[in-house]
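A.B. asks: sequence plus predicted model, see below.
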Amino acid sequence: MKKILSLALVLCMVFALSVTAFAADVDDIPDTMTAEDGIYEVAFVTDVGQLKDKSFNQGTYDGVKLYADTNGLSYKYYQPANGDQATDDDRYDAMKAAADNGAKVIVCAGFMQGNALAKAAAEFTDVKFVFVDGWAFDGLDNIAGIAFKEEQCGFLAGYATVKEGYTKLGFCGGGGGTNPACCRYGYGFVQGAAAAAEELGITVDMNYSWLYGASFSASPELQTLVNGWYEAGTEAVFACGGSMFASVAAAASANDGAVIGVDVDQSFESDTVITSAMKGLSDSVVWALTKVFDGTWEEIGGVATSLGAAENAVGLPVDTWSLEGWTVEEYEQMLADIIAGDIVIDDNYENLAGSASLNLNIVE
Amino acid sequence: MSFLIRQTLIYAVPLMIVALAGIFAERSGIINLALEGIMIFGAFIGVAFVRILQGVMVPSPADPENMIGLFDLAYQSKNWLSLQGYMLLTMLISAALGSIFSLLLAFAAINLRADQTIGGTALNMLAPALVLFFVRLIAKQNTLQLLSGDSAKWFMIKKTTLGFDKKADIGFLGETFLNKVYLSTYICILIFVILSIILYRTRFGLRLRACGENPQAAASLGIDVVKMRYAGVMISGALSGMGGFVYALTTANCSANGDVAGFGFLALAVMIFGNWKPLNVAGGALLFGLFKCIAAAYSTLDINGDGIYALANIGVSAHLYRLLPYLITLIVLALTSKNSRAPKAEGIPYDKGSR
């Protein structure tokens, strides 16, 4: 009787709640705002993948929203047309639309925007461009290239994972192996895992793959692939590519495996996340935007800034620390060693290779 | 091996059930090209409904002051039955709405006597656009995801769900068919069997098939062809709507983005491949699912349980594995298409007067 009653109650509430349940948004700052004069001063052009990827795009846009909202500026995001197949022209069109809408600064996320950015920056010389995961261009002082030392947080994540007792790891990267940020993450992860394995005197196995990640999206194939890994003994997989996280987390949840998140603290997305290799996307965007509006643009305009542990721009999430084999103190000590240069992490991912303590199995 | 079987079933079941949807429509004389569109629609309805259920807050039994989500409550109290119940309810809703959606095709094809291919194509174009429109409205992005958790957490049946210990040995069959599976898989297989029997062993099934072969003859014996064709299309819509949700649930982590990776069209291929006969269709779906699974997971497939991943070690290019599902389809079609026989009256609008 109780069950029937509760079912009836559910059905009633379903219709009553159908409106409210839809409008569930965790972020207090809305993603879209309407400026009365139609001018949007701070613009954001997304990378491939969706805005709310709970990772790269979202983290970057959070910084845009945060800065604009605190300083009473109007803001707007632009998604280049054709989604995953966006061309340089599509990206240029998005930037042009932003400039036409009166943008003073355009934040562009992702290294793939390079060509479009060079064209747009040459045309709209009075607009500032912040190129996240990017570099500087000769003669274009209105572009600030901001890159991260992803190998450092990848290293920390790999080290933490092996210290936690996981010996069979996996890496699923986005961008098909052509995205420098993802490559650095992966290479750092390998080095970190190898370092911890060597220290513990054990051997670690790692599956390393760029499969089904070219568009940074979730897919049945990716889920099957990772399912197969977990099934074959893999214990923890580094999901390194935006929305790919959903497929990896689903496979992990089915097999009681562990996931390492990327870019932002993803422990809120799934119970399976043990830690995340983070880079301070939001913070660095706020930092760069501040320089746009307080007149210190010269410091970053036209140069490539690389932010790492020393700038407190990469690391693991300490607030949601759940690891037991490795403490926050030990983590902070290691971070200090990296800053001091006692631990050197190679960022040239061409050197990717296994070692005596790590069997690297590249899955093609 | 159990992984291979499980994963094959996960791929094959939506294909199977949607191909059966195609059979029901075509056997009644209506070409249902809109399988893909209805699947997309059904997947969206299912995911949206699960989200609504997730948003329902009930008082927590431990502390009536606190409200707790319906799903969290069931999960915390290990009330797996209600979670499975919510899933079944969602399947039902998807089926019902899929059926209603397919009425568009039925009305165009039966009442207006429009070209069925065009009508189906129209639905295929309408569904993704409509779904994306709603998804963007609800989630403000291109993908509608669960409010919290993932499909495996809420709906997957594992050893521990059934009360076994995590490390317990439940044998090969148990490992394959009771661990890490979805109830929807078995429900769909059951529905498949029941509907196949209905199609071949009941008066209704015979009449339906008659309307797809020679509707005028059927009408002369007092069968209401219009009603039969409506029934065929609506069953077809219900099955594809449900298939769409099952696809989203088992392979897409319960998310809807106006895309089912072409499974609807694959189901059409499987239907033709299976010569409009349920048993052959089931075989075709399993074959395709098997190779799809091999393509994605060949690198960790341990077929005979000796710990060696044979397929990864024989030195065949990975691209070949990814080609296999399509290659096999081509080969089988080449071998079987000679005997292929479509329902005679399919695609022809029913006209009482013509003979």
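C.D. replies: Received it, and whenever you're ready, just let me know what you need.

A.B. asks: quick check: buried residues in the helix or strand harbouring B:Ala238?
C.D. replies: Under the assignment given by DSSP states H and E, the secondary-structure element containing B:Ala238 is helix B:225-251. Judged by neighbour count using 16 or more other C-beta atoms under 10 Å in any protein chain shown, the buried positions of helix B:225-251 are B:225-226, B:228-251. Where you see a C-beta, it was placed from the backbone N, CA and C, and this is true even at glycine.

A.B. asks: now do stretch A:173-183
C.D. replies: When burial is assessed from 16+ other C-beta under 10 Å, stretch A:173-183 yields the following buried residues: A:Gly173, A:Gly174, A:Gly175, A:Gly177, A:Asn179, A:Pro180, A:Ala181, A:Cys182, A:Cys183.

A.B. asks: what residues are up against the second one?
C.D. replies: With contact set as C-beta atoms under 8 Å, 6 or more residues apart in numbering or on different chains, A:Gly174 has these partners: A:Cys182, A:Trp210, A:Gly213, A:Ala214, A:Phe216, A:Cys240, A:Gly241, A:Gly242, A:Met244.

A.B. asks: show me which residues of the stretch 151-300 of chain B sit near chain A.
C.D. replies: B:151-153, B:156, B:158, B:166, B:180, B:251-253, B:255, B:261, B:293, B:295-297, B:299-300 (C-beta under 8 Å from any C-beta of the partner chain).

A.B. asks: repeat that with 7 Å
C.D. replies: B:151-153, B:156, B:180, B:251-253, B:255, B:261, B:293, B:296-297, B:299-300 (C-beta under 7 Å from any C-beta of the partner chain).

A.B. asks: looking at these, spot the one nearest B:Lys352.
C.D. replies: Within these, proximity to B:Lys352 (C-beta to C-beta) peaks at B:Ala261, which comes in at 41.4 Å.

A.B. asks: the nearest residue to the closest one once chain neighbours are set aside - how many residues pack around it?
C.D. replies: Taking C-beta to C-beta, 6 or more residues apart in numbering or on different chains as the measure, B:Ala261 lies nearest to A:Pro220, with 6.2 Å between them; neighbours along the chain are not counted. One way to gauge burial is a neighbour count; for A:Pro220, by other C-beta atoms under 10 Å in any protein chain shown, it gives 24.

A.B. asks: per-residue pLDDT of A:Pro220, please?
C.D. replies: Residue-level confidence at A:Pro220 comes out at 89, pLDDT.

A.B. asks: in contact with it, which residues are there?
C.D. replies: A:Pro220 sits next to B:Thr251, B:Ala252, B:Ala261 when contact means C-beta atoms under 7 Å, 6 or more residues apart in numbering or on different chains.

A.B. asks: tell me the one of the buried residues of stretch A:173-183 nearest A:Asp31?
C.D. replies: For the buried residues of stretch A:173-183, the closest approach to A:Asp31 (C-beta to C-beta) belongs to A:Gly174, at 22.3 Å.

A.B. asks: residues contacting the nearest residue to that closest one once chain neighbours are set aside?
C.D. replies: Nearest-residue entry for A:Gly174: A:Gly241, 2.2 Å, with adjacent residues in sequence omitted and distances by C-beta to C-beta, 6+ apart. For A:Gly241, the contacting residues are A:Cys172, A:Gly173, A:Gly174, A:Gly175, A:Cys182, A:Gly213, A:Phe216, by C-beta under 7 Å, 6+ apart.

A.B. asks: now, the contacts of A:Gly174 that are in helices?
C.D. replies: A:Cys182, A:Met244 (DSSP state H).

A.B. asks: so where does B:Gly42 fall, helix or strand?
C.D. replies: Element membership of B:Gly42, judged by DSSP H and E, is helix B:35-55.

A.B. asks: in the helix or strand containing B:Tyr321, what counts as buried?
C.D. replies: Taking DSSP H and E as the definition, one finds B:Tyr321 inside helix B:318-336. Within helix B:318-336, the residues that count as buried by 16+ other C-beta under 10 Å are B:Tyr321, B:Arg322, B:Leu324, B:Pro325, B:Thr329, B:Val332.

A.B. asks: about what we covered before: turn the contacts of A:Gly174 into TSV, including pLDDT.
C.D. replies: Compiled in TSV, the contacts of A:Gly174 are given as follows (pLDDT from 0 to 100):
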residue	pLDDT
A:Cys182	93
A:Trp210	93
A:Gly213	87
A:Ala214	85
A:Phe216	84
A:Cys240	93
A:Gly241	87
A:Gly242	83
A:Met244	90
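
A.B. asks: TSV for the contacts of A:Gly174, including distance to B:Ile93?
C.D. replies: Rendered in TSV, the data for the contacts of A:Gly174 read as follows (distance: C-beta to C-beta, whole Å):
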residue	distance to B:Ile93
A:Cys182	39
A:Trp210	39
A:Gly213	33
A:Ala214	35
A:Phe216	32
A:Cys240	36
A:Gly241	33
A:Gly242	31
A:Met244	30
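
A.B. asks: tell me how far A:Val105 lies from A:Val127.
C.D. replies: A:Val105 is 7 Å from A:Val127, where distance means C-beta to C-beta, to the nearest Å.

A.B. asks: which of these two has more neighbours?
C.D. replies: Neighbour totals were compared for A:Val105 and A:Val127, and A:Val105 leads with 26 against 19 (other C-beta under 10 Å).

A.B. asks: and the more buried one, what is it in contact with?
C.D. replies: With contacts taken as C-beta under 7 Å, 6+ apart, A:Val105 has the following neighbours: A:Val42, A:Val127, A:Lys128, A:Val130, A:Leu289, A:Val292.

A.B. asks: report the beta-bridge partner residues of A:Cys172.
C.D. replies: Note on A:Cys172: beta-bridge partners by DSSP bridges are A:Ser209, A:Ala239.

A.B. asks: which residues sit in contact with it?
C.D. replies: Residues in contact with A:Cys172, defined by C-beta under 7 Å, 6+ apart, are A:Ser209, A:Gly213, A:Val226, A:Val237, A:Phe238, A:Ala239, A:Cys240, A:Gly241, A:Met244, A:Val248.
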